[in-house]
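**Q** Sharing a sequence plus its predicted fold:
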Amino acid sequence: MKVVNTMLIFVLFTNVVSGQVDTSQIGVKDGDIFEFVITEDEGIGSFATTDSSKGEIFSIEIEDTNLGSTNKITIKVTQQNGSSDQQENDMLLLGSKILFTDWDYFESFRTFYESLNTENNTLSIENGDNIFTYSNSIKVESVALTTLFTTITTYQKSTGVVRTYESLFSIIIADDINSQSFAYERVDLEDLDVSDSGFLNGLQLGFLLLSSFVVTKFFVRRQVKHRSQN
């Protein structure tokens, strides 16, 4: 859901926005390695399907920054157990692990995103001195169920590499709520300049409130059902 919606909006935007990204602004080089720790990995019900665990370390190695005819670089993601996966990282797709450091270009997305926002679908950009934040929240309601998907990604502007990532996916069917939360952050986060990240913007606060609401509501309902059965 997130990738499809994000890519669709990105395609629409690139058809109407003027100007081009400066593809020379790549903040990483071949051989760079960045380490991350999983800070949240909780599945409830049928959505506990990830193999990773909270506290595990994984790394991203920059293998090839040659863009060729695309806006993608090659990276290798290595898990704590030693398994690795080579990936093509789209430097233009907000939400990717690494972006071009042409923040003026990404800043130009703000007005367009704000014009698309509705009660159920919100995208936002915060372009701070050292940190760039991209957030999206999608809510889909139907007669049978409601799905909620929210992500918040922050980037270190000097490198274009993700600093923190948070996601929450929930499905509500009748009185049952099933959710999956996942988050990770740079291992050396405390060493990075976070002078402009000491506050929560509206969407970040909403994400935290939504997380608390979903999890609390789930366990309250489970507890009520358990008592009624006894």
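**A** Alright, I've got the coordinates.

**Q** CA atoms only: put the helix or strand containing Thr122 into CSV for me.
**A** Element membership for Thr122 (DSSP states H and E) is strand 121-127. The C-alpha coordinates for strand 121-127 follow below in CSV (Å, rounded to 0.1, in the frame of the first residue of the first chain):
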residue,chain,number,x,y,z
ASN,A,121,-4.5,10.5,3.6
THR,A,122,-1.7,12.8,4.8
LEU,A,123,1.8,13.4,3.5
SER,A,124,4.2,15.9,4.9
ILE,A,125,7.7,17.1,4.6
GLU,A,126,9.8,18.9,7.3
ASN,A,127,13.1,20.3,6.0
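
**Q** can you map out the strands along the chain?
**A** Chain-ordered strands for the chain, with DSSP state E as the definition, fall at 33-43, 57-64, 72-78, 84-90, 121-127, 131-141, 145-156, 162-173, 176-186.

**Q** Partner strands of the strand holding Thr122, with direction?
**A** strand 131-141 (antiparallel) (DSSP bridges).

**Q** How about the partner strand, which residues are buried there?
**A** Buried residues in strand 131-141, defined by neighbour count with 16 or more other Cβ atoms under 10 Å: 131-139. Just so you know, the C-beta spots here come from the backbone N, C-alpha and C atoms, and that holds for glycine as well.

**Q** just to revisit the earlier point, and the average pLDDT for the strand holding Thr122 is what?
**A** Per-residue pLDDT over strand 121-127 has a mean of 90.

**Q** and the angle for it with strand 145-156?
**A** 10 degrees (axes from the mean of the first three to the mean of the last three Cα atoms, to 10 degrees).

**Q** How far off centre is strand 121-127?
**A** Relative to its chain's centre, strand 121-127 lies at 12 Å (Cα atoms, centre = their mean, to the nearest Å).

**Q** just stretch 61-76 next, same as before
**A** 20 Å.

**Q** and what of stretch 97-116?
**A** With Cα atoms, centre = their mean as the basis, the distance from the averaged C-alpha position of stretch 97-116 to the chain average is 15 Å.
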